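Q: based on what follows, work out the 3D shape:
(4 chains)
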Number of protein chains: 2
Amino acid sequence: MQARTEALTPAARRVLDAAAELFYGRGINAVGVDLIAKRAGVTKKTLYERFGSKEALVAAYLRERDERWRAWLTAEVDKSPPAAPPADRVLATFDALAAWMRRENPRGCGFVNAAAELPDAGHPARQVIADQKRWLRGYLRQLCEDADVAAPDELADELLLLHEGATVLYGLSAVADPVGISRRMALRALERAGAV
Amino acid sequence: MQARTEALTPAARRVLDAAAELFYGRGINAVGVDLIAKRAGVTKKTLYERFGSKEALVAAYLRERDERWRAWLTAEVDKSPPAAPPADRVLATFDALAAWMRRENPRGCGFVNAAAELPDAGHPARQVIADQKRWLRGYLRQLCEDADVAAPDELADELLLLHEGATVLYGLSAVADPVGISRRMALRALERAGAV
DNA sequence: ACTAGACTAAACAGATCGGTATACCCGTCC
DNA sequence: GGACGGGTATACCGATCTGTTTAGTCTAGT
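A: As a prediction, this is how the structure comes out:
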């Protein structure tokens, strides 16, 4: 019922994989549990025994997506050489974002898309979405502090806004290289804050 | 069938109003035509005679929302006194955005939300969404040119990204004053471009 | 050998989906 | 006064929605 990401049964694993692909690719409300079960090679009974409800499955999908994104982002940031200036780590978040978009985010941020489809404040997925954005802002703020900028809170807000703006424009194919634009603006913000 | 905004039948007018409120408030896929017809005090027959299909109704909803936004934005920008520096007109777009969000965009950009729900590239609404973003970028670019900045295209990209970033963060309630953050960054970008 | 857990197969609710059909009412314009 | 357009009311279509039920199989651990 709880279905933590660790220790999923094989069938539950396939359900979550199928759900992730379908929810992200077609939208949450446009995908029924029958289709998910079929794609996973699983009966609805199993799906409901493992996840309890569609709502909970949606939340599990977002939770795992969040975990993957955090792991990817921190790993990419930690690749920058220790000798490099700490501001490079901030810029690395934009390079990580660009690669992430190319690889698994062509339709824009899964969390923003989910929020668009789930207006009900009581939906369990809303909590996951809020956590995701809060974590990212906290992470950016920490990087700013490490770079010894004057006002880390303000800069973190700006960087978060640049991340989100780039992601949504990427999904809309409205401009050629939204992440490049964001990175350029982030660099200027860092310079202004005396971090580079 | 085409249902242009001008010259709508009284019943069609009520249908479009009801559809706008429901589509924006609950999401497009979560709202059925039966509910829209009921809310409008209209039969489904009338709805289908006026709009032809749900797809077309969705497109009409977005088209009208776009018209309202354009009218609002240009009117607000044109309020800035003619004697003021042209860069003020660029900043005025952020003040207009802030007021718009407060008044009728609490759930974020209706176009971004719609795009999240309509992955099918052939959906008639996709065209409306693309047009909306293209128009906004063109408008921002024109304001930049009027302000005699060095690279109006680059600046327009940046401003568009700030608009979108602010809108999505507003919808997620992730930071306190996203439009304020955007406006602040826009001002710096204008200064750097020599427009102020 | 027994059992608990993970699973399949298939039918069944009751509601709602987008869309269509039939039949009728009423005001306006010619 | 007759045609016509805009509208109502109601029923229907097949498909799909989330979720449940009954019945039974297979496998791993003790």
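Q: which bits of chain A sit near DNA strand C?
A: Within chain A, the positions adjacent to DNA strand C are A:9-12, A:41-46, A:49-50 by C-beta under 7 Å from any atom of the strand. C-beta: built from backbone N, CA, C; applies to glycine.
Q: what domains does the record give for chain A?
A: As recorded under automatic domain parsing, the domains making up chain A are A:1-52, A:62-192.
Q: now do the residue in chain A that DNA strand D sits nearest to against residue A:128, distance only.
A: When scored by C-beta to the nearest atom of the strand, chain A has residue A:32 as its residue closest to DNA strand D, at 2.7 Å. Between residue A:32 and residue A:128 the distance, using C-beta to C-beta, to the nearest Å, works out to 21 Å.
Q: between these two, which one's more packed in?
A: Between residue A:32 and residue A:128, counted using other C-beta atoms under 10 Å in any protein chain shown, residue A:128 has the larger neighbour count: 20 against 12.
Q: check which helix or strand the more buried one maps to.
A: Using DSSP states H and E, residue A:128 sits in helix A:124-146.
Q: re earlier: identify those among the residues of chain A next to DNA strand C that sit within helices.
A: The members of the residues of chain A next to DNA strand C that map onto helices under DSSP state H are A:10-12, A:44-46, A:49-50.
Q: who's in contact with the closest residue to DNA strand C within chain A?
A: Each residue of chain A has a distance to DNA strand C, by C-beta to the nearest atom of the strand, and the smallest belongs to residue A:11, at 2.9 Å. Contacts for residue A:11 were tallied using C-beta atoms under 8 Å, 6 or more residues apart in numbering or on different chains; they are A:40, A:42, A:46, A:50.
Q: please apply the same query to residue A:102.
A: Residues near residue A:102 by C-beta under 8 Å, 6+ apart: none.
Q: can you pull the buried residues of whichever strand or helix holds it?
A: Mapping residue A:102 onto the secondary structure by DSSP H and E places it in helix A:87-104. With burial defined by 16 or more other C-beta atoms under 10 Å in any protein chain shown, the residues of helix A:87-104 counted as buried are A:87-98, A:100-101.
Q: by pLDDT, give me the weakest of those residues.
A: In terms of pLDDT, the lowest of the buried residues of helix A:87-104 is residue A:87, showing 92.
Q: any idea how many residues pack against the nearest residue to residue A:21 once chain neighbours are set aside?
A: Once flanking residues are discounted, residue A:21 sits nearest to residue A:39: 7.8 Å by C-beta to C-beta, 6 or more residues apart in numbering or on different chains. The tally of other residues near residue A:39 (other C-beta under 10 Å) stands at 16.
Q: now residue A:39: which helix or strand?
A: Counting by DSSP H and E, the element that carries residue A:39 is helix A:33-40.
Q: from residue A:39, how far out is the residue of chain A lying at maximal distance from its centre?
A: Computed with C-alpha atoms, centre = their mean, the maximum C-alpha offset from the centroid of chain A is found at residue A:45, amounting to 29.9 Å. Residue A:45 sits 16 Å away from residue A:39, going by C-beta to C-beta.
Q: again, but for residue A:31
A: 9 Å.
Q: low pLDDT regions in chain A?
A: Along chain A, segments meeting pLDDT under 70 span A:1-6.
Q: so what's the residue count around whatever residue of it ends up closest to chain B?
A: With C-beta to the nearest C-beta as the measure, the residue in chain A that lies nearest chain B is residue A:165; the distance is 2.8 Å. Summarising burial for residue A:165: neighbours were counted as other C-beta under 10 Å, giving 29.
Q: can you list the residues of chain A near DNA strand D?
A: Close to DNA strand D, as judged by C-beta under 7 Å from any atom of the strand, chain A has residues A:31-35, A:44-45, A:48, A:53-55.
Q: how about these, which pair is most distant?
A: Across the residues of chain A next to DNA strand D, the longest distance by C-beta to C-beta is 18.7 Å; it joins A:31 and A:45.
Q: can you tell me the element residue A:122 falls in?
A: When the helices and strands are read off by DSSP H and E, none of them contains residue A:122.
Q: got the contact list for it?
A: Taking C-beta under 8 Å, 6+ apart as the definition of contact, residue A:122 has no neighbours.
Q: now swap in the one 4 residues further on and tell me
A: Contacts were defined as C-beta under 8 Å, 6+ apart; by that measure residue A:126 touches A:115, A:118, A:120.
Q: which elements pack onto the helix or strand hosting residue A:166?
A: In the assignment (DSSP H and E), residue A:166 maps to helix A:152-172. Secondary-structure packing of helix A:152-172 (3 or more C-beta pairs under 8 Å, 6 or more residues apart in numbering or on different chains; DSSP states H and E): helix A:87-104, helix A:110-117, helix A:124-146, helix A:178-192, helix B:110-117, helix B:124-146, helix B:152-172, helix B:178-192.
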